[in-house]
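Undergrad: The sequence isn't on hand, but the structure is:
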């Protein structure tokens, strides 16, 4: 009896796990199938003809997708540059210096993520339109940087906080100036955390849709906007291939993030 | 010579300036625009108009987001509970390897996945028909409110499960073991002993998911093309079709209030808890 019951339980667990795997992987499998389906229509349950025609179309050097990929990467690189230029000094001030109203400043950087963003972006777009930068790369970079600042500032502050103060004091005792101590001791030791925050900001920028939708159109077409336009235009193959391209950095990030973001830095985030 | 405080303020100023210009200023502008007429006098007429045109969508948005949060919570508790209390290493290992995948998948990619998966002739219905679970003629498209909820739950569950599993891993195992030894089933140990201890983490994760779902434009745009729809789509429509900032901003203020409601519920609960402890 007991044996039967445990067998039934194992079967139930296996069935639940299979259902879970189906729900989790099914949508991704459907995406992958569409990317290699040259013809797929009802009532066929699987693509009628397979092929790489659409991949060739997407990866043609002169195609829309390559231009969008270039735009996306260029915007993401600039966003990382802006976000780090702002968050390295800010993170250092938050971690190391006596700062009045520190908690308030920490929350300030969180706010852009804590509010429903569409209502903010429509007004940003209006402001950008008035000063004539709507639809430019600069506008998109600024929006992405403001959005990513919470990650870069909070992680930079945590990274600086986890640097051993005695090492800085030792450098100072040996006669190094404060600036030199920062450049040769503090910054290199905090670098892994800061690089991780940069990767985070890069990915956020690469994946961002809503902000670009309002301040970038019609001139700036990033990969998410290309995906959207292809999907709404009924071109499922191009939409699926674009989606797969967007997945690559996300998966790499998931596999490698733990190397950069050590537990001791992670424990200090937001503190 | 600068004092340390002045130096700190100078170092943090550029970052704050960007947040002020691209968040505080537009936020203030949205409030002003929602409550005033073109001549600057105060009015509530934009809210009346928003209510008249979109009251259905307001209710729809709240229900979608609440239902998604509830289902996300249930799925996340089931996953995190199995990871912590499961004794079959094969099941725990498989689950651990699988559940995190949607975590870093962008919403727009999730939306495109679901657009194909949940369609009338998508992989889901096709699989059910092939397995003989469904008649081909009774296949229907799920690309409406159900599709939006499915996408949100699919995308947010790993995030909530990750946080809850982390919290479950750090609670005192001895209590849980004691419960098991006294003959309580694993489900009962999870619900009565483990969950109350990780409730704060679960609620934080859910409030964050709630605000995220209220902000996403791509999922309702792509997954459900029909009416009723979510407020994010209505705002984009008011702007792109009519340039009607006043009504769009009134809808925006309504979304602020909905997310503030979630935050207040959370704060009230944690304060009540502090008062009793």
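TA: That came through fine. Just so it is clear, the model here is predicted, and its values are computed rather than measured. Numbering: from 1, shown residues only, chains lettered A, B, ... in the order given.
Undergrad: ok, and residue 251, which helix or strand is that part of?
TA: No chain was given, so I picked chain A. In the assignment (DSSP states H and E), residue A:251 maps to helix A:236-260.
Undergrad: you looked at the wrong chain, it should be chain B
TA: Taking DSSP H and E as the criterion, residue B:251 maps to helix B:245-276.
Undergrad: Give me the mean pLDDT for that helix.
TA: Helix B:245-276 shows a mean pLDDT of 84.
Undergrad: again, but for stretch B:139-151
TA: Rounded mean pLDDT across stretch B:139-151 is 89.
Undergrad: From start to finish, how long is that stretch in a straight line?
TA: Using C-alpha to C-alpha, to the nearest Å, the end-to-end distance of stretch B:139-151 comes to 19 Å.
Undergrad: what does that stretch rub up against?
TA: Applying C-beta atoms under 8 Å, 6 or more residues apart in numbering or on different chains, the contact partners of stretch B:139-151 are B:60, B:64, B:67-68, B:71, B:107, B:110-111, B:114-115, B:118-121, B:124-125, B:128-129, B:219-220, B:223-226, B:228, B:230. Any C-beta I mention is one placed from the backbone N, CA and C, and that applies to glycine too.
Undergrad: and residue A:53, what does it touch?
TA: Residue A:53 neighbours (C-beta under 8 Å, 6+ apart): residue A:38.
Undergrad: So which bits of stretch A:213-220 are buried?
TA: Burial within stretch A:213-220, assessed by neighbour count using 16 or more other C-beta atoms under 10 Å in any protein chain shown, is assigned to A:213, A:214, A:215, A:216, A:217, A:220.
Undergrad: Just give me how far it sits from the chain centre.
TA: Centroid displacement of stretch A:213-220 relative to its chain, using C-alpha atoms, centre = their mean, to the nearest Å, is 19 Å.
Undergrad: The residue of the stretch 151-277 of chain B found nearest chain A: neighbour count?
TA: Relative to chain A, the nearest point of the stretch 151-277 of chain B is residue B:252 (2.6 Å; C-beta to the nearest C-beta). Neighbourhood size, residue B:252 [other C-beta atoms under 10 Å in any protein chain shown]: 31.
Undergrad: In which helix or strand does the nearest residue to it once chain neighbours are set aside reside?
TA: Nearest non-adjacent residue to residue B:252, counting by C-beta to C-beta, 6 or more residues apart in numbering or on different chains: residue A:119, 2.6 Å away. Residue A:119 belongs to helix A:117-130 when assigned by DSSP H and E.
Undergrad: list the contacts for residue 28?
TA: No chain was given, so I picked chain A. The contact partners of residue A:28, taken as C-beta under 8 Å, 6+ apart, are B:101, B:113.
Undergrad: Need the pLDDT of residue 22.
TA: As the question left the chain open, I've gone with chain A. Looking at residue A:22, its pLDDT stands at 91.
Undergrad: let's do chain B instead
TA: So, for residue B:22, pLDDT stands at 93.
Undergrad: That one contacts residue A:123, doesn't it?
TA: No: Residue B:22 is beyond contact range of residue A:123, at 9.7 Å (criterion: C-beta atoms under 8 Å).
Undergrad: can you pull the contacts of the residue in the stretch 1-150 of chain A that chain B sits nearest to?
TA: Nearest residue of the stretch 1-150 of chain A to chain B, counting by C-beta to the nearest C-beta: residue A:119, 2.6 Å away. Residue A:119 sits next to B:30, B:235, B:248, B:249, B:251, B:252, B:253, B:255, B:256 when contact means C-beta under 8 Å, 6+ apart.
Undergrad: try residue B:245
TA: Neighbours of residue B:245 in contact, by C-beta under 8 Å, 6+ apart: A:122, A:123, A:126, B:33, B:238, B:239.
Undergrad: one more time with 6 Å
TA: Residue B:245 makes contacts with residue B:33, as judged by C-beta atoms under 6 Å, 6 or more residues apart in numbering or on different chains.
Undergrad: and what of residue A:79?
TA: A:141, A:144, A:145, A:205.
Undergrad: list the buried ones in stretch B:30-41?
TA: With the criterion 16+ other C-beta under 10 Å, stretch B:30-41 contains buried residues B:30, B:31, B:33, B:34, B:35.
Undergrad: do stretch B:105-112 as well
TA: Under the neighbour-count criterion of 16+ other C-beta under 10 Å, stretch B:105-112 has B:105, B:106, B:107, B:108, B:109, B:110, B:111, B:112 buried.
Undergrad: would you turn the residues you listed into a markdown table with secondary structure, distance to chain A and pLDDT?
TA: Shown next, in a markdown table, are these (DSSP: H, G, I helix; E, B strand; the rest coil; distance: C-beta to the nearest C-beta, whole Å; pLDDT from 0 to 100):
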| residue | secondary structure | distance to chain A | pLDDT |
| --- | --- | --- | --- |
| B:105 | coil | 6 | 88 |
| B:106 | coil | 4 | 90 |
| B:107 | helix | 7 | 93 |
| B:108 | helix | 5 | 93 |
| B:109 | helix | 4 | 93 |
| B:110 | helix | 7 | 94 |
| B:111 | helix | 8 | 94 |
| B:112 | helix | 5 | 93 |
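Undergrad: ok, which stretches of the chain are helices?
TA: You didn't say which chain, so I picked chain A. Under the criterion DSSP state H, chain A contains helices at A:2-35, A:53-59, A:64-96, A:102-114, A:117-130, A:137-161, A:165-173, A:178-181, A:187-207, A:210-215, A:223-232, A:236-260, A:263-266.
Undergrad: Please refer instead to chain B.
TA: Going by DSSP H, chain B shows helices at B:4-19, B:25-35, B:45-85, B:89-99, B:107-117, B:123-130, B:145-169, B:173-181, B:186-188, B:195-215, B:218-223, B:231-237, B:245-276.
Undergrad: measure the residue lying closest to residue A:207 once chain neighbours are set aside to residue B:222 for me?
TA: The shortest distance from residue A:207 to any non-neighbouring residue, by C-beta to C-beta, 6+ apart, is to residue B:106 (3.6 Å). For residue B:106, the distance to residue B:222 (C-beta to C-beta, to the nearest Å) stands at 12 Å.
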